[in-house]
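A.B. asks: the following comprises the amino acid sequence and a computationally predicted model.
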Amino acid sequence: MQFGILFYWPVVCIIALLAVWFAGAAATAMGEKDPQCVVIDEIAAVPIALAWMSGWWMALAFLLFRVLDVWKPFGIRQSQELPGGWGIVVDDLLAAAACGLTHAIILLSAR
């Protein structure tokens, strides 16, 4: 196993947990449930959406992530009801995971 992968996922998890805290703190300070100016949730999710991607797949994955983040299918929308920063960040993490799963399905079906 490559060192990069051993380093990548723990860092992604730490960033996601920090994003939950910062997004929750920002929402509380601004008195809003999900302030539009808070983008740390997208920053935490993009590395998940782009994991294992290269070349033009990265551009497609980013576009798919944004579509899923706005559309919020598969119960992703309901995750916004989680308390505090969890509700701000988890929907983006789920959209990113759905993006990665879609990529895997495409690659496996192309074989």
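C.D. replies: Sure, I can see it.
A.B. asks: so where's the protein uncertain?
C.D. replies: For the chain, the stretches flagged by pLDDT under 70 are 1-3.
A.B. asks: at 80 what do you get?
C.D. replies: The chain contains residues with pLDDT under 80 at 1-3, 111.
A.B. asks: for T28, what are its contacts?
C.D. replies: Going by Cβ atoms under 8 Å, 6 or more residues apart in numbering, T28 touches G84. For glycine as for every other residue, the C-beta is placed from the backbone atoms N, C-alpha and C.
A.B. asks: now do the spatially most central residue of the chain against I76, distance only.
C.D. replies: Taking Cα atoms, centre = their mean, the centroid of the chain lies closest to A45, which sits 2.4 Å from it. Distance, A45 to I76, by Cβ to Cβ, to the nearest Å: 11 Å.
A.B. asks: coming back round to it: was I right to think the residue nearest to the centre of the chain contacts R66?
C.D. replies: No - taking contacts as Cβ atoms under 8 Å, A45 lies outside contact range of R66: 10.3 Å.
A.B. asks: now the common contact residues for these two.
C.D. replies: Joint contacts of A45 and R66 (Cβ under 8 Å, 6+ apart) do not exist.
A.B. asks: tell me where this protein has helices.
C.D. replies: Along the chain, counting by DSSP state H, helices occupy 3-30, 40-49, 56-71, 84-109.
A.B. asks: please identify the deepest-packed of those.
C.D. replies: Greatest average neighbour count among the helices of the chain goes to helix 40-49 (a mean of 21), per mean count of other Cβ atoms under 10 Å.
A.B. asks: re the thing from before, what touches both of A45 and I76?
C.D. replies: By Cβ under 8 Å, 6+ apart, A45 and I76 have these common neighbours: A95.
A.B. asks: these two touch, right, G87 and D34?
C.D. replies: Yes - counting by Cβ under 8 Å, D34 is a contact partner of G87 at 7.1 Å.
A.B. asks: what is in contact with these two at once?
C.D. replies: Common neighbours of G87 and D34, counting by Cβ under 8 Å, 6+ apart, are Q80.
A.B. asks: before I go, just wanted to say thanks for your time.
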